[in-house]
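# here you go, sequence then predicted model.
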Amino acid sequence: MQHSRHMIEFSTGFEDPEGWFNLAVSYSETQGLRLYIDGVLTGSSTEEIETPIVSDFATHLHLGKRNDMNGDYLGASFDDFATFYKTFEEDDPSLADTLTGNEAETGVVVTTNHPELDALAPFSGKPDCKVLHDADCARSIYELNDVLSDEAIINGTVYTSVRNRLRYLVDPRNDVPQNDLAYCVDVFEAIVYAPVDYKLNETEAMSELSDLIQITSNMMQPNRSENWKKVNEVSMGTPSLVKTLEDYGIQVSRRLRTKSGHEKLVLSAENIGMQVDSLENSNQHDKYSLPDYSLSNWNETKLHWNDPIEKFTLPKHFFQFTEPGKTSSLVATMYNTLPDMIPEVGTQDVKGLDGKPVKINSRVASLSVDPPLRMDLYNPIRIVFAHIAPVNKSSHEEVACSFWNHSAPNTTNGAWDTRGCEVVSTNETITICHVYHMTSFAIIIKPIFEEEEESDEGNLQWMARILSVFSISFLGVYLFYLVCAKRLRVILHTIHINLCVAVIFALLSLAGSGDIKDAWGDCMLSGCLIHYFNTVIMLWLFIEAFQLFTDLTESLEIQDEDDDEDEPPFQERVKYYILFGWGVPFLNVGVAFGFSPDAYIEQEAGFCWLDNSNFLWCAFVGPLGFFGLCTLYMLYRMLRDIDEQVYREDRTTIFKSSYFGTWTLQIYFLITWGVGLVGIHGLYLYALYLFVLAMSCLGIVTFIVHALLNTEVRLLLGLRNPDKTLTPIEKIHLPPEFDDVRYIKPTCKYFL
């Protein structure tokens, strides 16, 4: 309380009553502070702390909050407020009646009712007063999350109040239901990602970051692990919480750092320890390590965690993979209790024994860098882990270094993955890992399934290689004649050349996908190649249907080598076809990769393909459906316009074979990829076998419909002269002019 020019602080206690009650407070210089509940003296104190003040800056008397700041709201309702201008005397027989409002009306002044006092918030003239009051008085995290729903009046003061209230609500002494834990993540994200337009000094930054670390640590109390596991099954849980905390560590470092970086910051709580470093990238830091447990701020954590040894060691030239020449920030975070409450699920390659959850056998250690890595590292980061439980050698389980994959397919919030992580050495108590990217890492115990898993992947690869050899061989012969035979240099055959080249490269990318994945270290290049060349096939089928449709609508003028008049338009059209057929797929793959650098991941049986998350599958399924349907529509429109006259003018049968071939290849291609997508995403393994079989035979099917069914090409393949077979013969009858005419042998007219 403020008295004259002094701020006086009292401390007293009383038992919290239930329901409505009458509370009276009295102060005098002789009696000090006294508290009355329902007219009975309950607490008192004469011990005071005085702090001088310059002026009386509190211009309003606020009920249920401090006058000098926006904070310490009381979660209660008020009614029948009264002010007394005299000191209460204990021996006054009417004191209880006076305090409870039962005194005689003589001498009582009743003020006019003020409408603003009936509002839900104290009157202050500010629209955000109610929000501040609601934040400080929230009785659950659900109510706290509801406060943040009105973004129009949320400001820095409100976020501070929300953070303070969240810290109280997740205190280990308070019970936090499962539903409230789910809202914890939303509230925490709102606090962390709130816009901040000021530069913090080191003290303020460490205070805010330390506050959030303490809040997160309280959320991760061991007695809340079961509730967290249930939350993780249906919503973004602890993985999102961890990522959000580390993002805030980066934010704080970004605000603190200068050109030369900043001092090492170490902050810790009961269940979390974090070190934030910042240094200049121009210096070549050889084998830079963190956390630095020699710093004094780690002493308490070392004491409670039994001397942790988890440590990251960066490779030389690490910072060249961020933005060379700029100052970088590193955040290393260790989580002591997180293994008990993070989801125990793995990707398709990381599964528990006999369907059981994945076993985590170390603390979770996270590493973040700003600016972020531009690509995966060439030289690995070294991580040391201590095992939670001793590991004995087993024939059915093994130690694996793993990371939390936030974009793992078919999961709510991610899964444990082992790609880009390898075990360097391990014993009963310690494992050393090498990793090539940055996220959260841990040691897991996984079953030994290599032989069974490699069996499917190996079978599919050998099937693709063997059948692709036959397909490419047939297409190679067909391409030789298309390129070398001058009579085949027409626009449809030019389209067939591009189609055959696309099919050959699609088969090569499919057959060599395993080798490309092993050489590259991940699925990025292999997935890009398969995606690109199959999209090219799809577009050249569309182009062929468009050309056939154009030929039919333009009076069936099928081009050949003698039509010199049409040579310039022919070349011009082919130029646009090539630009469209090869350029659009490049843009399509580029957009998918630009949307997510991890767009291509390992799917069923090691197949590299687009990730299911964030609608990345639309990058292939969308064009496949659109251009496939357009192609079929044009072919269907031509079906009713084709008659015998068309086939009579089609001397080389190129129109007939191309029309039938486009129908066949388009339907074959759509069915193949329809089955393939079912198998790739792990629904049915046999579908993946059917896909690889059908896709590897695509070259043979193309050879049959475009080479063997075309009479002109078939004759060339048989080393026969097409002119003799394709030249039409017309029989002419010459009537005799005289009666005694001898027999005249019929003559033939050749149309060359």
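Looks like it came in fine.
# starting at the chain centroid, how far to stretch 541-548?
38 Å (Cα atoms, centre = their mean, to the nearest Å).
# could I get the average pLDDT for it?
Per-region confidence: stretch 541-548 scores 92 on mean pLDDT.
# which residues are contacting that stretch?
With contacts defined as Cβ atoms under 8 Å, 6 or more residues apart in numbering, stretch 541-548 is touched by 491-492, 495-496, 499, 577, 580-581, 627, 630-631, 634-635, 638, 655, 658-659, 662, 665-666, 669. For glycine as for every other residue, the C-beta is placed from the backbone atoms N, C-alpha and C.
# among the residues you listed, name the buried ones.
Burial of these was assessed by neighbour count (16 or more other Cβ atoms under 10 Å); the buried members are 491-492, 495-496, 499, 577, 581, 627, 631, 634-635, 638, 655, 658-659, 662, 665-666, 669.
# narrow these to those in helices?
Assigned to helices by DSSP state H, the following of the buried ones among the contacts of stretch 541-548 qualify: 491-492, 495-496, 499, 577, 581, 627, 631, 634-635, 638, 655, 658-659, 662, 665-666, 669.
# in stretch 592-599, which residues are buried?
A592, F593, S596, D598, A599.
# the first one and W609 touch, don't they?
No: applying Cβ atoms under 8 Å as the test, A592 and W609 come out as separate, 11.0 Å apart.
# buried residues in the one helix or strand E189 maps to?
Secondary-structure element containing E189, defined by DSSP states H and E: helix 178-192. By neighbour count, and taking 16+ other Cβ under 10 Å as the criterion, the buried residues in helix 178-192 are 180-192.
# ok, stretch 235-255 next?
Burial within stretch 235-255, assessed by neighbour count using 16+ other Cβ under 10 Å, is assigned to 236-253, 255.
# looking at the residues you listed, which are in helices?
Helix and strand membership here follows DSSP H; of the buried residues of stretch 235-255, those in helices are 238-253, 255.
# if we can go back for a sec, counting contacts, what elements does the next helix or strand after the helix holding E189 pack onto?
On the C-terminal side of helix 178-192, the closest following helix or strand by DSSP H and E is helix 202-219. Taking 3 or more Cβ pairs under 8 Å, 6 or more residues apart in numbering; DSSP states H and E as the contact definition, the neighbouring helices and strands of helix 202-219 are helix 156-169, helix 178-192, helix 238-256, strand 262-268, strand 272-280.
# distance of S468 relative to L677?
Taking Cβ to Cβ, to the nearest Å as the criterion, S468 is separated from L677 by 20 Å.
# settle it for me: which of the two has more neighbours?
S468 (25 against 20; other Cβ atoms under 10 Å).
# what helix or strand is the more buried one on?
With secondary structure defined by DSSP H and E, S468 is part of helix 450-484.
# what distance separates that helix from the centre of its chain?
What separates the centre of helix 450-484 from the centre of its chain is 34 Å, taken as Cα atoms, centre = their mean.
# show me what it is packed against.
Taking 3+ Cβ pairs under 8 Å, 6+ apart as contact, the helices and strands that helix 450-484 lies on are helix 491-511, helix 513-520, helix 685-696, helix 698-703, helix 711-717.
# can you state the direction angle for it and helix 491-511?
Helix 450-484 and helix 491-511 are oriented at 160 degrees to each other (axes from the mean of the first three to the mean of the last three Cα atoms, to 10 degrees).
# make residue 1 into 27 and carry on from there
Sure thing, new numbering starts at 27, so read that last one as helix 476-510.
# which SS class is S394?
In terms of secondary structure, S394 is strand; the call rests on DSSP: H, G, I helix; E, B strand; the rest coil.
# what's the local residue count around it?
By the other Cβ under 10 Å criterion, the neighbourhood of S394 contains 20 residues.
# surely it is in contact with M464?
Yes: counting by Cβ under 8 Å, M464 is a contact partner of S394 at 6.3 Å.
# I figured V184 hits D160, correct?
No: contact between V184 and D160 fails when scored by Cβ under 8 Å: they sit 9.3 Å apart.
# overlap of the contact sets of those two?
V173.
# Serialize the helices and strands packed on helix 476-510 to CSV and add fields for distance to K385.
Listed next are the helices and strands packed on helix 476-510 as CSV, based on distance: least, Cβ to Cβ, whole Å:
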stretch, distance to K385
helix 517-537, 36
helix 539-546, 27
helix 711-722, 26
helix 724-729, 44
helix 737-743, 62
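# N128 is nearest to which of those helices?
In this view, those are compared for proximity to N128 by Cβ to Cβ, and helix 711-722 is the closest at 82.7 Å.
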